[in-house]
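Asks: show me the folded form of this:
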Amino acid sequence: MAPSTTVNTTQLRHQIYYQLDNNLLKNALFLAQRLVAYEGPRSAEAAYLLAHCQFQAGYTKASLDTSRSFAAKGTHLGCTHVFAQACLELGRNIEGLQLIEKSRTLWQNRNTWNQHTESKRQYLPDAAVILCLKGKLWKAHKNMEEAVQCWVAALKQNPFMWDAYTLLVESGAKINVPAIYKLNPDMVGMIQAQHASKENTDPPNASQQPTQSMADPFLSTQKLNGHPNALYEKLNNSKINVNTANAIHDDDLLPTPSTVVDHEDTMTQQPNGSSKFESLSAPLRRPRNTVDSQSEQQSRLKATSSRLKTRLKPSVDEPDHEPPPPGPPSKRTVSGAVAQSQIAEPIRRTTRSQTSRPPSSTSTSTTTKMSSIANSLGLRQEREIKKAKAPTAKPRTATTQTVGRAVSGNRIKTAPSVEPQDLDSRENRPPSIPPVPAMMEPVRKDDDRVDKEIDGLRALLDLFSRIASAHNALQHYDCQAAINLFNSLPSNQRETPYVLAQIARAYNEMSQHADAERYFIRVRQLAPSRLEDMEIYSTVLYQLKSEIELAYLAHEMVEVERNSPQTWIAIGNSFSLQREHEQALKCFKRATQLDPSFAYGFTLQGHEYIENEEFPKALEAYRMAISADNRHYNAWYGLGKVYTKLGKYPTAQVHYQTAASINPSNAVLTCAIGTVVEKNKGVEHALKFYDRACRLAPKNALSRFKKARCLMSMNQPEEALAELEVLKEIAPDEANVWFLSGRLCKMLGRKSEAIKAFTVALNLDPKAAQFIKDAMESLDDEDDFVDDDGNEDID
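Replies: A predicted model of the protein is given here:
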């Protein structure tokens, strides 16, 4: 008979997930197409799997079309997720947002945090994933307020959504990082629930339970591990032996299965080791071969029962009023079950006497021996008959005798005779049940595991909090604080490419390019194929005028990934350093073609246009960068620079101040504001900006040089000369510094020092020899350092 369609589709789904887990996308796509052919166009799950495979394989438009119908209906969360992802890639932001909102009921209360393991998957997204995707769609739609709200909600659901956090920080939002990465009751509850689930699903211990048969479809692992008898068997030190089930029956009896008694149902252990759950009932015996022997057995047992009942009536209470005391381990039924109730006991005695076996495992179960024992040991037979009651549904307590109840093979052999006084002496026997505190040991162990996992989660949240705080400080351009936070991480976390690259970026923002280069070198040693942040490394090498290192970096990046925007930025910086601005422009344009949202590529295009004095094109390039990222302060600075070149100082000041509001700790921006203020309002107003720039970056040569010029213009030569002395240590090979120092010495009447400074400037810049010689020849004349433009210096 041909297999059913359900079996085929189930196997196909298993194979699709197998191919996806092993990144065999073409195989998964082919199998998903077969699944759709089996289930037809009305199957939402088949459509989801096909759309998911198409999206992962890069067929974005095809995945959009496949998932559209079920996403539009809002009936399948997976289809909605794939459709929204495709919309983000294709720029259909509003369409994706509308369908996400339409399926809100499917995801808003869904949380699968901490439910993904190496062997378990949750293939549908939860609320955190959908909210993060929704935020990205809002960002692409230029609605940052809605995007920020979505990312905040996603982080509340799952604080480990790192992309939601980075996007939130890059949006400029003020964030209380410790409030995000803190252990909350929901996380603790999920961990505890997960461990409770593991208790019900873990495989049984081999020392306590039999080996389970894989072929038994009725075995419930959850019931096994959560079963009260699992603990019960451990307390009684009894082990299930799958080979003893058949060892105790005679040829004339059916095999008596080992039983585990429960107040709900009984797990019957099969001889081959498999288990099943069935209702509690006494095992049936196979009838004797002759009718005569059976009737003879019944008549003898009835006679014995009536005699023994008459003999014990004066000394033993009626079972209808008081149940008999629990019997010793040897006094047990054939099935090993406890008595169910005392009502209608005389009837049950007669019934069980026909179907029960003698308690001794060494005696045979023939009717002749049973009747002889009943005749010779009347009281013992009476006790045995009393013990043979139907199983009860009452839960076990500490007073119930339970030794050997787990399996028939663990029965304890009894003495051949029992004295009547044993009824009283049984109370004085030492209990066979271990002390009660042993019952709490598994609970304590599980509590320890939960506590350890909670401590591990707390440590992980602390690590993320520190990294997130450092990232937040860097994005808000508190660079020194970011460096300190990154350096405070454990060494195994600090010496990673990501952290070292962030430290290098911080040093670059502080214009400490040598330190930035040192960290980028370590990044390259740890991850030679890393492309992320390498565009910043190429800019650092550009600032350091390291032509050879920059060219080598560009060559290596081409070998790693030619079609990466970072690669083309490095190539363009190499051309720009060699004054090949047209080639550099082509490279930067190629970078923005590969990634239209790469704002830094547009900014570098604007810089090259300024070098070529193509100011309208430079303005357009900077505006494109701002359109891609309105917090890209470099583009705002570029706009201010263009307007400065055009002589529009008020407009330039507005753009400079906008850039400074994004990055208030940047000394170059503060110095640029001082420059336009000096043009508009004079040196007195500009001096405070230069002074602030020197405090922000004490090693920044440009801001200190302009401060010295302002002080000289304000007729403060001593203060100006002190600034230049500091500057000589920062930039000893800068001819402008020595030339200005000579002019200051001339103002102070120090002619010998002035001649020395002019001579050093002449040696550093022979091209300006005529200009410097004129200054040396005019030592006796009055100094006219600053003209109307304030730009009389070597350039």
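Asks: in the stretch 51-200 of the chain, where is pLDDT below threshold?
Replies: 194-200 (pLDDT under 70).
Asks: what ranges does it have for its helices?
Replies: 60-73, 77-90, 93-102, 104-107, 127-140, 144-157, 162-170, 177-180, 185-201 (DSSP state H, counting those that start in this stretch).
Asks: quick one: which of the ones you listed is nearest M712?
Replies: With C-beta to C-beta as the measure, helix 162-170 is the member of the helices of the stretch 51-200 of the chain nearest M712 (42.3 Å). (C-beta placed from N, C-alpha, C; glycine too.)
Asks: would you indicate which residues of the closest one are buried?
Replies: By neighbour count on 16 or more other C-beta atoms under 10 Å, the buried set for helix 162-170 is A164, Y165, L167, L168, V169.
Asks: equivalent analysis for stretch 505-523, please.
Replies: 505-513, 515-517, 519-520, 523.
Asks: so which of the residues you listed sit within helices?
Replies: R505, A506, Y507, N508, E509, H513, D515, A516, E517, Y519, F520, V523 (DSSP state H).
Asks: may I ask which two of those are separated the most?
Replies: Among those, the pair separated by the greatest distance (C-beta to C-beta) is E509 and V523, at 16.3 Å.
Asks: picking up where we left off before, between the buried residues of helix 162-170, which is nearest M776?
Replies: Closest approach to M776 among the buried residues of helix 162-170 (C-beta to C-beta): V169, at 55.5 Å.
Asks: you'd agree that closest one is up against A470?
Replies: No - here V169 lies out of contact with A470, judged by C-beta atoms under 8 Å, at a distance of 10.8 Å.
Asks: look at L97 and say how many residues are nearby.
Replies: The local packing of L97 (other C-beta atoms under 10 Å) involves 22 other residues.
Asks: one more: K452?
Replies: Using other C-beta under 10 Å: K452 sits among 10 other residues.
Asks: surely F575 meets I569?
Replies: No - in this structure, F575 is not within contact of I569 by C-beta under 8 Å, at 11.0 Å.
Asks: overlap in contacts, these two.
Replies: C587 (C-beta atoms under 8 Å, 6 or more residues apart in numbering).
Asks: more neighbours: those two, which one.
Replies: I569 (28 against 21).
Asks: hang on, the earlier thing: ok, which pair from the buried residues of stretch 505-523 is furthest apart?
Replies: Maximum pairwise distance among the buried residues of stretch 505-523 (C-beta to C-beta): 19.3 Å, between S511 and V523.
Asks: ok, now how distant is the closest residue to Q475 other than its chain neighbours from E777?
Replies: Spatial nearest neighbour of Q475, chain neighbours left out: V169 (4.6 Å); criterion: C-beta to C-beta, 6 or more residues apart in numbering. Distance, V169 to E777, using C-beta to C-beta, to the nearest Å: 59 Å.
Asks: let me see the contact set for the nearest residue to S546 once chain neighbours are set aside.
Replies: Nearest non-adjacent residue to S546, counting by C-beta to C-beta, 6+ apart: E517, 7.8 Å away. Residues near E517 by C-beta under 8 Å, 6+ apart: A504, Y537, V540, L541, L544, S546.
Asks: among those, which ones are buried?
Replies: For these, buried by 16+ other C-beta under 10 Å: A504, Y537, V540, L541, S546.
Asks: same for the host helix or strand of R34, what does it pack against?
Replies: Using DSSP states H and E, R34 maps to helix 25-39. Helix 25-39 is packed against helix 5-21, helix 44-56, with contacts defined by 3 or more C-beta pairs under 8 Å, 6 or more residues apart in numbering; DSSP states H and E.
Asks: now the first one: buried residues?
Replies: Same thing as helix 5-21. Those would be T9, L12, R13, Q15, I16, Q19, L20, for helix 5-21 by 16+ other C-beta under 10 Å.
Asks: against A672, how distant is C694?
Replies: Going from C694 to A672 by C-beta to C-beta gives 14 Å.
Asks: those two: which is more packed in?
Replies: Neighbour count, other C-beta under 10 Å: between C694 and A672, A672 has more, with 26 against 21.
Asks: pretty sure that one contacts K641?
Replies: Yes - using C-beta under 8 Å, A672 is in contact with K641, at 7.4 Å.
Asks: Q502: which element?
Replies: helix 497-509.
Asks: quick check: mean pLDDT of that helix?
Replies: The pLDDT scores in helix 497-509 average 96.
Asks: outside of that helix, which residues touch it?
Replies: Helix 497-509 has contacts (C-beta under 8 Å, 6+ apart) with 467, 470-471, 474, 477, 479-480, 482-483, 486-487, 489, 493-494, 513, 515-520, 522-523, 526-527, 530, 532-533, 536-537, 539-540, 663, 665-666.
Asks: same question, stretch 578-591
Replies: Here stretch 578-591 makes contact (C-beta under 8 Å, 6+ apart) with 547, 565-566, 568-569, 571-573, 575-576, 598, 601-602, 604-605, 608-609, 611-612.
Asks: again, 6 Å this time
Replies: 565, 568-569, 571-572, 575-576, 598, 601, 604-605, 608, 611-612 (C-beta atoms under 6 Å, 6 or more residues apart in numbering).
Asks: give me the buried entries from these.
Replies: For those, buried by 16+ other C-beta under 10 Å: P565, W568, I569, I571, G572, F575, S576, F598, G601, L604, Q605, E608.
Asks: of all these, which two lie farthest apart?
Replies: Pairwise over the buried ones among the contacts of stretch 578-591, using C-beta to C-beta, the maximum falls at F575 and F598, 17.8 Å.
Asks: please enumerate the strands of the stretch 651-795 of the chain.
Replies: Ranges of strands within the stretch 651-795 of the chain: none, based on DSSP state E, counting those that start in this stretch.
Asks: point me to the helix or strand that includes L585.
Replies: helix 581-594.
Asks: quick one, longest helix in this structure?
Replies: helix 441-475.
Asks: can you give me the neighbour number for Y498?
Replies: Count around Y498 with other C-beta under 10 Å applied: 17.
Asks: the residue nearest to Q475 and A473 touch, don't they?
Replies: No - V169 is not in contact with A473 according to C-beta atoms under 6 Å; the separation is 9.6 Å.
Asks: okay, the buried ones among the contacts of E517 in JSON lines with secondary structure and distance to A652 next?
Replies: Formatted as JSON lines, the buried ones among the contacts of E517 follow (DSSP: H, G, I helix; E, B strand; the rest coil; distance: C-beta to C-beta, whole Å):
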{"residue": "A504", "secondary structure": "helix", "distance to A652": "31"}
{"residue": "Y537", "secondary structure": "helix", "distance to A652": "30"}
{"residue": "V540", "secondary structure": "helix", "distance to A652": "27"}
{"residue": "L541", "secondary structure": "helix", "distance to A652": "29"}
{"residue": "S546", "secondary structure": "coil", "distance to A652": "31"}
